[in-house]
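Asker: one predicted model, sequence on top.
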Amino acid sequence: MFDAIGDLPLHPLVVHAVVIGIPLTLLLAVLFAVPRFRSAARWPLGVVAVGSAVASMVARLSGASLKQALGIVPGNPVGDLISQHAQLATQLVWIMVVVAVLAVLTVLLVSRRPETTMVDRVLPLVLIVAALVATIWVARTGDIGSRAVWNPTGDTVYTTGR
């Protein structure tokens, strides 16, 4: 189920939704924390956070299918990097579950009124921290995954031609 769309592997396609969605969740969380932008960011925040969590789960499952289809096993540079990539991806899925739950709670519980309570102040800040962790994790996960594909031995030096 999580292996291909037509003749293309699903994993590199769905990864782009994760790479865009998680930083967008962070941006919307920051906007939501500013009371002036709260009403505009409220529902996009919930939708993007939950969508990014689902996309990260699909990316994880499709990555496992791709790994199996290609016969990648640990014990060589590519296999070792893919194992690290998979471990970080699993952690990212759980981080995104936390972010999605926090985003939904924030959307539903933070007041629309000008007077603020402790929940109105703390919950958006906790969400920002969690979304920042998720953004860092998606960068780490993607970095190792791209190294596994493009430079697994680390011996290729890419230059800008200067």
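Answerer: Here it is on my side, so go on. Numbers count the residues shown, from 1 in each chain.
Asker: going by C-alpha atoms from here, please, whenever you check contacts or count neighbours.
Answerer: Fine.
Asker: strands of this protein, start to end?
Answerer: For the chain, applying DSSP state E gives strands covering 4-5, 8-9.
Asker: what strands line up against the first one, and which way round?
Answerer: Spelled out, that is strand 4-5. According to DSSP bridges, strand 4-5 forms sheet pairs with strand 8-9 (antiparallel).
Asker: who touches the partner strand?
Answerer: Contact partners of strand 8-9, identified using Cα atoms under 8 Å, 6 or more residues apart in numbering, comprise 3, 66.
Asker: distance from the chain centre to that strand, please.
Answerer: 20 Å (Cα atoms, centre = their mean, to the nearest Å).
Asker: same question for stretch 131-150.
Answerer: Worked out by Cα atoms, centre = their mean, stretch 131-150 lies 9 Å from the chain centre.
Asker: ok, and what's touching it?
Answerer: 18-19, 22-23, 25-26, 29, 77-79, 81-82, 84-86, 88-89, 92, 95-96, 99, 154.
Asker: what are the ranges of the helices in this protein?
Answerer: Assigned by DSSP state H, the chain shows helices spanning 10-33, 38-70, 77-109, 118-150.
Asker: just the buried ones from the contacts of stretch 131-150?
Answerer: Buried subset of the contacts of stretch 131-150 (neighbour count, 16 or more other Cα atoms under 10 Å): 18-19, 22-23, 25-26, 29, 78-79, 81-82, 84-86, 88-89, 92, 95-96, 99.
Asker: export stretch 123-139 to PDB, keeping only CA atoms.
Answerer: This file holds the C-alpha atoms of stretch 123-139, laid out as PDB (Å, rounded to 0.1, in the frame of the first residue of the first chain):
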ATOM      1  CA  LEU A 123      -0.100  26.500  25.500                       C
ATOM      2  CA  PRO A 124       1.000  28.500  22.400                       C
ATOM      3  CA  LEU A 125       4.600  28.700  23.700                       C
ATOM      4  CA  VAL A 126       4.700  24.900  24.400                       C
ATOM      5  CA  LEU A 127       3.400  24.300  20.900                       C
ATOM      6  CA  ILE A 128       6.100  26.600  19.400                       C
ATOM      7  CA  VAL A 129       8.800  24.700  21.300                       C
ATOM      8  CA  ALA A 130       7.400  21.300  20.100                       C
ATOM      9  CA  ALA A 131       7.100  22.500  16.500                       C
ATOM     10  CA  LEU A 132      10.700  23.900  16.700                       C
ATOM     11  CA  VAL A 133      11.900  20.400  17.800                       C
ATOM     12  CA  ALA A 134      10.000  18.800  15.000                       C
ATOM     13  CA  THR A 135      11.500  21.300  12.500                       C
ATOM     14  CA  ILE A 136      15.000  20.400  13.700                       C
ATOM     15  CA  TRP A 137      14.200  16.700  13.600                       C
ATOM     16  CA  VAL A 138      12.900  16.900  10.000                       C
ATOM     17  CA  ALA A 139      16.100  18.600   9.000                       C
END
